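Student: quick one, structure for this:
(chains A and B)
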Amino acid sequence: SQQGEEDPQALSIQEGENATMNCSYKTSINNLQWYRQNSGRGLVHLILIRSNEREKHSGRLRVTLDTSKKSSSLLITASRAADTASYFCATRGGGSNYKLTFGKGTLLTVNP
Amino acid sequence: DTEVTQTPKHLVMGMTNKKSLKCEQHMGHRAMYWYKQKAKKPPELMFVYSYEKLSINESVPSRFSPECPNSSLLNLHLHALQPEDSALYLCASSQDPGSSQPQHFGDGTRLSIL
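Tutor: So this is what the prediction gives:
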């Protein structure tokens, strides 16, 4: 069964605006990762946040993690048309459960 | 350009054909993965190889047969596939399965079964 559930399923914004995507999960995790997938391409790793971290930044990306609510958010600031893609959260379980389980994804469209 | 190379990019095959998908990485990663992705869906894990040994098989039908000839190569042998097997097949690698390092994905093979 899916571990991560993103919302919204689709998001359409104008260039320059910020985009926020949310992810919820059900069981304990070792870390949570965000990936981007452009149409017809593979997934590209964006950022990883460990279970003992609350916030992480990378360029225009900001990720938060709330383990008490089992949720994470990805904020993309000052969006660009090139940010148009599907965004997936993926959770890695603890201990020997090293599988990555992907959420359903958010399709982000940034209009020029 | 990705550091994980998959060939072919596209493959059309009949239900009685035998074909293979190939994946190669030269990052020294010791874990390699096969995923299946249907349109507008997330990737679904099929197999995990750890140090060239199959460590996870997610109850994948036997018409899919993985092989890891060496630490840089991963194959997926296909035989007697069904139309519902049409999908994007993604290969990924990571430093090792037990680490918290991210996975690196290839651009996939888009497979169509006639």
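Student: ends of stretch A:10-18, what's the gap?
Tutor: In stretch A:10-18, first residue to last residue: 14 Å (CA to CA, to the nearest Å).
Student: and residue 80, what pLDDT?
Tutor: In the absence of a named chain, this looks at chain A. Looking at A:Arg80, its pLDDT reads 97.
Student: to clarify, I was referring to chain B.
Tutor: For B:Ala80, the predicted pLDDT is 93.
Student: B:Glu58 versus the residue most central in space within chain B, what's the distance?
Tutor: Residue closest to the mean C-alpha point of chain B, counted by CA atoms, centre = their mean, is B:Trp34 at 3.0 Å. Distance, B:Trp34 to B:Glu58, using CB to CB, to the nearest Å: 9 Å. C-beta here means a position set from N, CA and C on the backbone, and glycine is covered the same way.
Student: ditto for B:Ser20
Tutor: 20 Å.
Student: give me every residue in chain B lying close to chain A.
Tutor: Taking CB under 8 Å from any CB of the partner chain as the contact definition, chain B meets chain A at B:2, B:4, B:6, B:40-45, B:48, B:56, B:90, B:92, B:97-98, B:100, B:102-108, B:110.
Student: what comes up buried for the helix or strand containing A:Asn22?
Tutor: Under the criterion of DSSP states H and E, A:Asn22 resides in strand A:19-24. Using 16 or more other CB atoms under 10 Å in any protein chain shown as the test for burial, strand A:19-24 gives A:19, A:21-24.
Student: quick one: B:Gln37 and B:Ser86 touch, right?
Tutor: No. Using CB atoms under 8 Å, B:Gln37 makes no contact with B:Ser86, being 11.2 Å away.
Student: who's more crowded, those two?
Tutor: Between B:Gln37 and B:Ser86, counted using other CB atoms under 10 Å in any protein chain shown, the more crowded position is B:Gln37 (19 against 16).
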